[in-house]
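Chemist: the following block contains a protein sequence and its predicted model.
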Amino acid sequence: MSTPPTEVFRRYLSAMVLNSLTTAEAAGLNATDYYALNLLDLAGPLTSGELAARTGLTTGATTRLIDRLEKGGHVRRVPDPADRRKVIVEATGQPESLDKVLTGTRRRIGELLGSYSEEELATLFDYFGRAATAYREATDELARARQG
């Protein structure tokens, strides 16, 4: 009997989450710090309020997050030129340990992706883009429902 597709997908998601948690720990980061650094890498500099919204943290927890990342030399705070009351958080580069820790994952995923045709890759990356949007929308919906 073959494994149901939903179970295959859930195993994939579980493996991805576990890999992210283990990667963060191996790089000397906690999961939230790792996630925030990834957000800054993808989005570029963000205000502390934008970082709070994207991580789902309270403003106080976001301040502590930024403090930890700044202390570790991973980010810096700069005044927002458009509004001096705001702070922009900029990544100072990825932690050296992160590149080393990600080597095995990147190699394995690269080999896996290399086994697909161009057409199959186009389908996969179409899915990744559309699924990312669907997950963000579902997350926003859940967050709105929790707020009231």
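Modeler: The structure has been received and is ready for your questions.
Chemist: can we go C-alpha only for contacts and neighbour counts from here?
Modeler: Will do.
Chemist: return the distance of the longest helix seen in the chain from the chain's centre.
Modeler: For the chain, the longest helix by residue count, based on DSSP state H, is helix 118-147. From the chain centre to the centre of helix 118-147 is a distance of 13 Å (Cα atoms, centre = their mean, to the nearest Å).
Chemist: low-confidence ranges in this structure?
Modeler: Counting by pLDDT under 70, the ranges of the chain that qualify are 1.
Chemist: what segments of it are helices?
Modeler: Going by DSSP H, the chain shows helices at 5-26, 31-43, 48-55, 59-71, 96-114, 118-147.
Chemist: among those helices, which is nearest R84?
Modeler: helix 48-55 (12.7 Å; Cα to Cα).
Chemist: check which helices and strands the closest one is in contact with.
Modeler: With contacts defined as 3 or more Cα pairs under 8 Å, 6 or more residues apart in numbering; DSSP states H and E, the packing partners of helix 48-55 are helix 31-43, helix 59-71, strand 83-91.
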